[in-house]
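Q: Using only what follows, build the 3D model:
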Amino acid sequence: MTDDARLTALTQRMAELGAPDPEGWASSEVHEDIAQQARFLVLRSLWPEIIDAWAGDGVLERVPVAARLLTEGASRESLIQALRLAAYEAVFAVLYRIGAESDEDAPDDAPGWSLIELAADGTPTGRDVGGLYEDLLSLDPSGREGADFLS
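A: Sure, this is the predicted structure:
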């Protein structure tokens, strides 16, 4: 398959998956050999399932300390934003740690780690799925890149 054909097919796939700027993601994968589809698939559920989950109906009421703060008069919106920020920071820190690929305080002969792309049949492609933290903020589904809780 030619690069143009791969770019067209991958752009369509990225659009179907809901990627913002599907052509940009696809172009980077085709021309720079970065596992962008795999990267997007790892990242796309983090906002709705972890960061934005705090805004769901009844979520605060199921967390005892949050419920107590609400009954003591805390602003629901402020509490949601604080918890979303904490969730974002935790997700970012984990992604950054995974991307480090080693523990700098470990002995020189200690193992490291890597997150790699797998083909649909489960075989490794040899491409790294690193730097995930770099794109987390840009995938805020609201399009605000976290401005509602970062500022």
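
Q: Give the closest residue to the most centrally placed residue in the chain in space, chain neighbours not counted.
A: Geometric centre of the chain, nearest residue: residue 43, 3.0 Å, by C-alpha atoms, centre = their mean. Computed as C-beta to C-beta, 6 or more residues apart in numbering, the closest residue to residue 43 that is not its neighbour in sequence is residue 139, at 5.4 Å. Yep, even glycine has a C-beta here, placed from its N, CA and C like the rest.

Q: surely that neighbour meets residue 20?
A: Yes - at 7.2 Å, residue 139 counts as touching residue 20 under the criterion of C-beta atoms under 8 Å.

Q: how about the helices in this structure?
A: According to DSSP state H, the chain carries its helices in the segments 3-17, 22-32, 36-43, 46, 64-71, 76-100, 133-136, 147-150.

Q: Which among the ones you listed is found nearest to residue 127?
A: Between residue 127 and the helices of the chain, the shortest separation by C-beta to C-beta is 7.5 Å, and it involves helix 36-43.

Q: Can you give me the buried ones in stretch 34-41?
A: Going by neighbour count (16 or more other C-beta atoms under 10 Å), the buried part of stretch 34-41 is 34, 35, 36, 37, 38, 39, 40.

Q: got a pLDDT number for the residue nearest to residue 43?
A: For residue 139, the model assigns a pLDDT of 96.

Q: likewise residue 151?
A: In this model, residue 151 is scored at 86, pLDDT.

Q: same question, residue 29
A: Per-residue pLDDT puts residue 29 at 98.

Q: need the buried residues of stretch 34-41 in CSV with distance to residue 68, can you?
A: Shown next, in CSV, are those (distance: C-beta to C-beta, whole Å):
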residue, distance to residue 68
34, 46
35, 44
36, 44
37, 44
38, 42
39, 39
40, 39
